[in-house]
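Novice: I'd like to go over a predicted model; first the sequence, then the structure.
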There are 2 protein chains.
Amino acid sequence: MASASSSLTLSQALLSRRCSPLPSDHVSLPFPRLRASPTTLRRLVSVRASAATDVELVDKSVNTIRFLAIDAVEKAKSGHPGLPMGCAPMGHILFDEVIKYNPKNPYWFNRDRFILSAGHGCMLHYALLHLAGYDSVREEDLNNFRQWESRTPGHPENFETPGVEVTTGPLGQGIANAVGLALAEKHLAARFNKPDYEIVDHYTYAILGDGCQMEGIANEACSLAGHWGLGKLIAFYDDNHISIDGDTEIAFTENVETRFEGLGWHVIWVKNGNTGYDDIRAAIKEAKAVKDKPTLIKITTTIGFGSPNKANSYSVHGSALGEKEVDATRKNLGWPYGPFHVPEDVKSHWSRHIPQGAAFESEWNAKFADYEKKYPQEAAELKSIVTVNLPNGWEKSLPTYTPESPADATRNLSQQCLNALAKVLPGFLGGSADLASSNMTLLKMFGDFQKNAPEERNLRFGVREHSMGAICNGITCHSPGLIPYCATFFVFTDYMRAAIRLSALSQAGVIYVMTHDSIGLGEDGPTHQPIEHIASFRAMPNILMLRPADGTETAGAYKVAVENRKRPSILALSRQKLPHLPGTSIEGVEKGGYVISDNSRGNKPDVILMGTGSELEIAAKAGEKLREEGRAVRVVSLVSWELFDEQSQEYKESVLPSEVSARVSIEAGSTFGWEKMVGSKGKAIGVDSFGASAPADVLYKKFGLTVDAVVAAAKDLC
Amino acid sequence: MASASSSLTLSQALLSRRCSPLPSDHVSLPFPRLRASPTTLRRLVSVRASAATDVELVDKSVNTIRFLAIDAVEKAKSGHPGLPMGCAPMGHILFDEVIKYNPKNPYWFNRDRFILSAGHGCMLHYALLHLAGYDSVREEDLNNFRQWESRTPGHPENFETPGVEVTTGPLGQGIANAVGLALAEKHLAARFNKPDYEIVDHYTYAILGDGCQMEGIANEACSLAGHWGLGKLIAFYDDNHISIDGDTEIAFTENVETRFEGLGWHVIWVKNGNTGYDDIRAAIKEAKAVKDKPTLIKITTTIGFGSPNKANSYSVHGSALGEKEVDATRKNLGWPYGPFHVPEDVKSHWSRHIPQGAAFESEWNAKFADYEKKYPQEAAELKSIVTVNLPNGWEKSLPTYTPESPADATRNLSQQCLNALAKVLPGFLGGSADLASSNMTLLKMFGDFQKNAPEERNLRFGVREHSMGAICNGITCHSPGLIPYCATFFVFTDYMRAAIRLSALSQAGVIYVMTHDSIGLGEDGPTHQPIEHIASFRAMPNILMLRPADGTETAGAYKVAVENRKRPSILALSRQKLPHLPGTSIEGVEKGGYVISDNSRGNKPDVILMGTGSELEIAAKAGEKLREEGRAVRVVSLVSWELFDEQSQEYKESVLPSEVSARVSIEAGSTFGWEKMVGSKGKAIGVDSFGASAPADVLYKKFGLTVDAVVAAAKDLC
């Protein structure tokens, strides 16, 4: 506990100064108005210290956690009791003795972060939040485990349960999120701490199981954590030897410790995770002492500990124990209480966390108030990261273009936007999966975020797309004003789709910069050419799929992406040069679909041509050609279907009047879904097979993505 | 070379017996009619042995490889010269001295397999195939590198270039494919070899770079390779310290050797991969001597070796050298020849591979002929695996159902099919990513494929979805009669999408058994509930997305999946029980969409109700209800859109007459794309947001997936 008490000592000194609460207009108030006197703090610290000594009470608390999990799963007749029963000891020690948090403000900025990467064991986390006094998990919530509209869903969801930092369940994601959270801490600490003020100073803890360990994403993320030297990341590997299919002997016999040593981690093995409380405490102390490496505490436990007939077997992994076995477990562990009961002494023991948490926060607030006086500029910047408020007029920094601007690839125009945004958004940072010079994602005014340069903002993810996405989810979940972007070739969203989906589900506004967005990338061939990807993201809920056509639309796409802090955005960008088109606009992009040119009257064009991204140019040229032949032609950019869907019926009708059935679309990707826009009688031009290896201009001709093809299709229809 | 000569000794003994060619009706004839006399073989072996000694000639051959790569990339003005220049020495030794192959029959069954996992360096492979005498890579093909319809695309594609085993480029895939190939060898060897006949006996070699090493999929696959003890897998790790973004110091500083030791591999480090030919040879010898572990040969090379100004830098990774630097490299390496030139002595040296390869194959054919006499049953079985022919009447093994059969989840019905197929298809094998008991994928008559039980057919992948898919791609690319299936929850296709896409692109008929296919899985909640997944695969080229509604349709889906050996299939299966519906049929499934019930006349129903999978029951019930109210209702199953698309216009019109615009669809997933089926005036009922954690029946009601909703929508329309 060395670190915790030293920060308290500091705080006590600070508390003698006058401290005032900070204004905030964010719903999840990170700076509440609680204060604690030095005496209160001292008393709290002493309770904290003595807690470690009363083994009987710890046993009782640990069994409380076990039975809350057992009872909730039993009542739901669904869930995973095994992990909470095995991990209750480490869970107790973490939440009762180690982790700094404020139950009444789960969003307090400087809290330690805890991630249950083995999300199926969420009853462990819910039980701990309940004991700690979080309002999000009351007894009725435990009773409603896994039920409609409950705050205790089947896997931890940050958007349902305050106190849950990220959404886990899909294995391996949580540990990668934890790497992102630890990265965010290291970065902000480097930028904002001063020799006399450790204003950013917290740990990130994670529990992961055998399943997480097997997933490739976990290895990717842990390789980066080792590379970055994330010393304040402490991961508990619940080594219980059981996965859903049985003993891990059947599929997982590698030496995890050796692997993690190779990844540059400090590794500790606690051999008795079931009752070795002091060993667990000692391991955490050792982990904290290692400052330059993340630590893996391999902690051998018995899954379903306490269940006389099911412990140490796969049958306790993912099913309720059943009434008979619940009774037997109660007998075996000497638990005389009914379902969901928290014994008074356990309740009383945990009750100190509410004032203690308030004191932690109050102490920090005092420190921050002082910091603010001394370092007003840094404090203002940090506040803009801690809250969700974007600086006034930030969007004015975005570059502007005219049709006379030189033609350029949207990936290059994207780089101009990224660099403009980095100047005005203090929480803007990101990078690429080893394609920075192809994705054009380097921030020129910053260096690389590295072990010894954590204040920098260019993240070098290496060829690790999946963990890149999940790390960015962690970064954005750390503080609402952190806005991470990440990049690779669009086709390789396939490698990171599970992380992108979790951005969407968990309302993490990550910006995905996806270049080389069609067969237009040319010679690399079909392994590198996205076809179905645009459609696949249009079908995904709560994500914006943006495919800008030129500089103005690229700027517009970034405006939308930055503003959407609860919804991730994917920008599909071209490798090839594109002209700046007359008629494109940022306002148009914000509506998702809009008219870029029209020579018709009365909302009755002869034909409507639609395009996105690099094909909008083709649609525009075809429009010109048809107009030369006397047709009334409307050309529409459909840069984001999601935004267009959200417009009023009236607006949509003004762009795509239902009366006009002569509609042609062109997009260098699957035509799947385009019936929605072109209707049953229209024609969608696209690519419904895999691409090929050849120069881009050859491919466009061979695959029929031409002005002539659009003109011919239009003439067929009108 | 110990192993090579011992097998030759065996073959010489065998050659004294009478050997006859085998009949075959497979296009890629694995048993051609070449033979070699013992004298020829002895001469060839002696050339082979002496090859290792003439350093000057090896240098020249190595430089030939380098310049073929340099010249092809230069001509295409696109490509990756750096890897071939650095890996030419190991490439030369592998193809000239180590690997057993027959250039004139790239599909010879018992060949060693070579995978360039770092696929961007494909000019290395093309140059080697060219020197070795493969017809697929002639001089004109090198000249046409990366051009339209050439056999030398920008990344290696098995379907374009005989001699290329699998399609690589997306990093990490190739090494995972190699694990699949090595698994297939170990499995077939265990099943078919006899004490006196090593009829299956080859190595699998792979070259992977830093990029592959960073990808999570590679760690997953290599963990499995270590677990399975794939001793005949030898992977060369091209340790050149450069990736696209620069020195690997910026993102990749882990200790790879230590990690691989943790994964259970034998690890060798060749410190001079540029000129240390004997070290490379010794490493391969050592690797072959280790029988119970796969070997990683870390081989330190200089990327772009020979380029005076660009070697050892990222600038040589992914761009042509440029005319000036090509000239400088020619001078630096003392290469007086023009572009694409193969010096006569190099040509002459390599020329022996054509007769040698023929001799290898002939020898094996003789051995096989003998084996066939002694073990006719095993030989017949092996032949059915080596060729693509399915046993006569195999489909009769599929279970049959009637509407009276007890209601069951399609995942359970799927297990009945899997077990039926395993009895009749000798090449049928597969497993789950740690969800065998949920996906219902265990083959009851077989045990687990393990290090010491490689003859078994249940594969235990652990929680490693991505490598599972890629390993299955490797298995099916090993022999056309191997039919692998693999399983997880449908939502976790997100983890393995890059591998699934490569199944589709590389025409690998893997069967993806994806259960828990909708919000119908219930309490696990939105992290586990697929929404956009069906649509996302419908948009992908060359893959069958099948969502069967009951037992008959499940059997039909398997019939289709097994028959489609050049196209992967995804079966989306329910967790929840479903009734067997009147009107479903295997023939219907084969057409992708068909009428299951209809009370209309003259192809003019009042309304058409459509559904797939678990919602077909709802459509059918709604149909009954509407008919009770006097409507003429057609109910259509749209089990596979791809198969339906392939039907004649006439057939499609007979199912979905264009005149009938009153159409309602119901599917528990995104409605994206359904406009194609319901038309502009129809109504698609589905789920366009993320799901929730609650019992399945509650979710179906809350999300409006009900008979009443279908009835109401139908009434609105007609």
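Specialist: Done, it's in. Numbers count the residues shown, from 1 in each chain, chains lettered A, B, ... in the order given.

Novice: how about the helices in the stretch 201-350 of chain A?
Specialist: A:210-214, A:216-228, A:256-262, A:277-289, A:323-332, A:344-350 (DSSP state H, counting those that start in this stretch).

Novice: now the last one: buried residues?
Specialist: Along helix A:344-350, the positions that meet the burial threshold by neighbour count (16 or more other Cβ atoms under 10 Å in any protein chain shown) are A:346, A:349-350. No exception for glycine: its C-beta is placed from N, CA and C like everyone else's.

Novice: ok, now which ones touch residue A:341?
Specialist: Residue A:341 makes contact with residue A:67, according to Cβ atoms under 8 Å, 6 or more residues apart in numbering or on different chains.

Novice: could you rerun that using 10 Å?
Specialist: Taking Cβ atoms under 10 Å, 6 or more residues apart in numbering or on different chains, we find residue A:341 in contact with A:64, A:67-68, A:71, A:139, A:335, A:347.

Novice: same check on residue A:520?
Specialist: So residue A:520 contacts A:409, A:529, A:574-576, A:578, A:613-615, A:668, A:691, A:696-697, A:699-700, A:705 (Cβ under 10 Å, 6+ apart).

Novice: about what we covered before: possible to save the helices of the stretch 201-350 of chain A as TSV with mean pLDDT and distance to chain B?
Specialist: Listed next are these as TSV, based on pLDDT from 0 to 100; distance: least, Cβ to the nearest Cβ, whole Å:
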stretch	mean pLDDT	distance to chain B
helix A:210-214	98	4
helix A:216-228	98	2
helix A:256-262	98	3
helix A:277-289	98	19
helix A:323-332	98	18
helix A:344-350	97	26
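
Novice: please identify the deepest-packed of those helices.
Specialist: The highest average neighbour count among these, using mean count of other Cβ atoms under 10 Å in any protein chain shown, belongs to helix A:216-228 at a mean of 29.

Novice: picking that back up, filter the contacts of residue A:341 down to the buried ones.
Specialist: Among the contacts of residue A:341, the ones that count as buried (16+ other Cβ under 10 Å) are A:64, A:67-68, A:71, A:335.

Novice: adding secondary structure and pLDDT, write those out as CSV.
Specialist: Output for the buried ones among the contacts of residue A:341, formatted as CSV (DSSP: H, G, I helix; E, B strand; the rest coil; pLDDT from 0 to 100):
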residue, secondary structure, pLDDT
A:64, helix, 98
A:67, helix, 98
A:68, helix, 98
A:71, helix, 98
A:335, coil, 98
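
Novice: nearest to residue B:147 among the residues you listed?
Specialist: The closest of those to residue B:147 turns out to be residue A:68 (Cβ to Cβ; 65.8 Å).

Novice: who's in contact with that closest one?
Specialist: With Cβ under 10 Å, 6+ apart, residue A:68 has these contacts: A:84, A:88, A:123-124, A:126-128, A:130-131, A:137, A:139, A:142, A:145, A:339-342.

Novice: at 7 Å instead, please
Specialist: Listed by Cβ atoms under 7 Å, 6 or more residues apart in numbering or on different chains, the contact set of residue A:68 reads A:123, A:127, A:130, A:142, A:340.

Novice: same question, residue A:204
Specialist: A:113, A:178, A:181-182, A:185, A:232-233.

Novice: same question for residue A:531.
Specialist: Counted by Cβ under 7 Å, 6+ apart, residue A:531 has contacts A:669-670, A:687, A:690-691, B:541.

Novice: now with 10 Å?
Specialist: Contacts of residue A:531 by Cβ under 10 Å, 6+ apart are A:491, A:518-519, A:668-670, A:672, A:686-691, B:501, B:504-505, B:539-541.

Novice: and it, its phi and psi?
Specialist: For residue A:531, the backbone dihedrals (degrees, to the nearest 10) come out as phi -130, psi -60.

Novice: next one: residue A:430
Specialist: Residue A:430 adopts backbone torsions of phi 170, psi -170, taken as degrees, to the nearest 10.

Novice: cool, residue A:429 as well?
Specialist: phi -160, psi 160.

Novice: and it, how many residues sit next to it?
Specialist: By other Cβ atoms under 10 Å in any protein chain shown, 24 other residues sit near residue A:429.

Novice: is it true that it touches residue A:479?
Specialist: No: look at residue A:429 against residue A:479 with Cβ atoms under 10 Å: they stay out of range, at 11.5 Å.

Novice: overlap of the contact sets of the two?
Specialist: Common neighbours of residue A:429 and residue A:479 (criterion: Cβ under 10 Å, 6+ apart): residue A:184.

Novice: quick revisit: ok, so of the contacts of residue A:341, who is nearest chain B?
Specialist: Nearest to chain B among the contacts of residue A:341, counting by Cβ to the nearest Cβ, is residue A:71 at 15.7 Å.

Novice: so where's chain A uncertain?
Specialist: A:1-53 (pLDDT under 70).

Novice: what residue spans form the domains of it?
Specialist: When chain A is parsed with the TED database, its domains come out as A:71-356, A:394-573, A:592-716.

Novice: please enumerate the strands of the stretch 51-200 of chain A.
Specialist: Using DSSP state E, counting those that start in this stretch, the strands assigned to the stretch 51-200 of chain A run over residues A:113-116.

Novice: what residues does it put near chain B?
Specialist: Residues of the stretch 51-200 of chain A found near chain B (Cβ under 10 Å from any Cβ of the partner chain) are A:76-80, A:119-120, A:122, A:144-150, A:152-157, A:159-160, A:167-173, A:176.

Novice: mind giving me the ChimeraX select for these, buried ones only?
Specialist: To isolate the buried subset of these in ChimeraX, counting by 16+ other Cβ under 10 Å, use the following:
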select /A:76,78,79,80,119,120,122,144,145,146,147,150,152,153,154,155,156,157,160,167,168,169,170,171,172,173,176
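
Novice: what sits against residue A:343?
Specialist: Counting by Cβ under 10 Å, 6+ apart, residue A:343 has contacts A:57, A:60-61, A:63-64, A:335-337, A:349.

Novice: secondary structure element for the most centrally placed residue in chain A?
Specialist: Note on chain A: the residue nearest the mean C-alpha position is residue A:473, at 1.8 Å, using Cα atoms, centre = their mean. Assigned by DSSP states H and E, residue A:473 falls within helix A:465-478.

Novice: quick check: next helix or strand after that helix?
Specialist: strand A:483-489.

Novice: what is whichever helix or strand comes after that next one packed up against?
Specialist: With elements assigned by DSSP H and E, the helix or strand that comes after strand A:483-489 is helix A:497-505. Helix A:497-505 sits against helix A:173-192, helix A:465-478, strand A:483-489, strand A:511-515, helix A:533-538, strand A:569-572, helix B:497-505, helix B:533-538, with contacts defined as 3 or more Cβ pairs under 10 Å, 6 or more residues apart in numbering or on different chains; DSSP states H and E.

Novice: now the ones you listed in JSON lines, with distance to residue B:391?
Specialist: Below are these laid out as JSON lines (distance: least, Cβ to Cβ, whole Å):
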{"stretch": "helix A:173-192", "distance to residue B:391": "43"}
{"stretch": "helix A:465-478", "distance to residue B:391": "40"}
{"stretch": "strand A:483-489", "distance to residue B:391": "43"}
{"stretch": "strand A:511-515", "distance to residue B:391": "46"}
{"stretch": "helix A:533-538", "distance to residue B:391": "37"}
{"stretch": "strand A:569-572", "distance to residue B:391": "47"}
{"stretch": "helix B:497-505", "distance to residue B:391": "23"}
{"stretch": "helix B:533-538", "distance to residue B:391": "29"}
